[in-house]
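Student: Give the three-dimensional model of this entry:
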Amino acid sequence: MKNTNPTKILLEPVISEPGQLGAIIRSARKASGLTIVEAAASIGIAKQTLANIERGRNSVGIQTVLKVATDLGVSIIAIQKNESAFIRRTILESREESS
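Tutor: A predicted model of the protein is given here:
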């Protein structure tokens with residue numbers, strides 16, 4: 001697989017819908033310069049599976065989604081709901097400082 005490039009993908013770091021995660025995964029794939037066919041082949045999944053993940057379709061298992069995210073350089077962090085405002089602020093402040 002080609003090297004992945006971390007990117008600033010979303011202003012909102014808290015994901016509440018499959019389509020949001022799919023958009024992040026798509027952005028990471030494109031930032032890495034991979035077509036959907038190349039990425040799917042290097043990850044070891046079907047092109048249609050990756051397309052379903054990127055579109056936020058519910059037909060893909062969480063294990064596959066986690067593998068795709070990891071292989072494309074996307075970190076998924078689980079937090080308690082009551083901590084989301086603090087985490088969101090911290091991430092956004094960090095992004096502003098590094099700009």
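Student: For residue 96, grab the count of nearby residues.
Tutor: The criterion is other CB atoms under 10 Å. On that basis, residue 96 has 8 neighbouring residues. Where C-beta positions appear, they are placed from N, C-alpha and C, glycine not excepted.
Student: Show me which residues of the host helix or strand of it are buried.
Tutor: Remark: residue 96 resides in helix 84-98, with elements defined by DSSP states H and E. Neighbour-count burial for helix 84-98 flags residue 91 (criterion: 16 or more other CB atoms under 10 Å).
Student: which helices and strands sit right next to it?
Tutor: Packing partners of helix 84-98 (3 or more CB pairs under 8 Å, 6 or more residues apart in numbering; DSSP states H and E): none among the helices and strands.
Student: ok, the nearest residue to residue 79 once chain neighbours are set aside to residue 27 distance?
Tutor: The spatial neighbour of residue 79 that comes closest, neighbours along the chain excluded (CB to CB, 6 or more residues apart in numbering), is residue 87 at 5.5 Å. Summarising the geometry, the distance separating residue 87 from residue 27, computed by CB to CB, to the nearest Å, is 20 Å.
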